[in-house]
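>>> here's a sequence, model it:
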Amino acid sequence: MSKKRKRLEKLRKNPKNVSFKELKQALEDYGFEMRPSSGTSHHFFKAEIGDKVWKFSVPFKKPHINEIYVKKAVQAIDEIIRVQPESEEPDE
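Below is the predicted model:
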């Protein structure tokens, strides 16, 4: 199993205990880029794969992210995996 798959499985198994850094890395593994934001309490991510665009915001909280945001991120990643064949997934 690849490192990015392991990170995704960690999010699935324990969404209550995820740091922002871990969530950010998992989103980036699957093509999301963090967009610059200033003066807000949220970080914004965007992925464009083919003709589909995903947008996702995550509040920056310490030490852990609310599990609702983790579950939504996993759902978005799952949709990307379904849309994108395995051989075309972003590299590790």
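
>>> quick one: classify Met34 as helix, strand or coil.
strand (DSSP: H, G, I helix; E, B strand; the rest coil).

>>> for it, what are its contacts?
Taking C-beta atoms under 8 Å, 6 or more residues apart in numbering, we find Met34 in contact with 24, 27-28, 43-45. (Each C-beta comes from the backbone N, C-alpha and C, glycine too.)

>>> can we see that at 6 Å?
Counting by C-beta atoms under 6 Å, 6 or more residues apart in numbering, Met34 touches 43, 45.

>>> go on, Met1?
Met1 neighbours (C-beta under 6 Å, 6+ apart): none.

>>> mind redoing it with 10 Å?
Met1 is in contact with 8-9, counting by C-beta atoms under 10 Å, 6 or more residues apart in numbering.

>>> okay, now the unreliable bits of the protein?
Within the chain, the stretches with pLDDT under 70 are 61-63, 85-92.

>>> which stretches of it form strands?
33-35, 42-49, 52-59 (DSSP state E).

>>> which neighbours in the sheet does the last one have, and how are they oriented?
To tie it back to what came earlier, the one meant is strand 52-59. The strands that strand 52-59 pairs with in its sheet are strand 42-49 (antiparallel) (by DSSP bridges).

>>> okay, buried residues for the strand it pairs with please.
Neighbour-count burial for strand 42-49, with 16 or more other C-beta atoms under 10 Å as criterion, is recorded at 43, 45, 47, 49.

>>> ok, now stretch 24-31?
24, 26-31.

>>> repeat for stretch 7-15
Buried, per 16+ other C-beta under 10 Å, within stretch 7-15: 7-8, 11, 15.

>>> make a markdown table out of those residues and add distance to Pro36.
Output for the buried residues of stretch 7-15, formatted as a markdown table (distance: C-beta to C-beta, whole Å):
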| residue | distance to Pro36 |
| --- | --- |
| Arg7 | 24 |
| Leu8 | 25 |
| Leu11 | 24 |
| Pro15 | 27 |
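
>>> among those residues, name the ones in helices.
7-8, 11 (DSSP state H).

>>> for Val18, give me phi and psi.
The phi/psi pair for Val18 (degrees, to the nearest 10) reads phi -120, psi 130.
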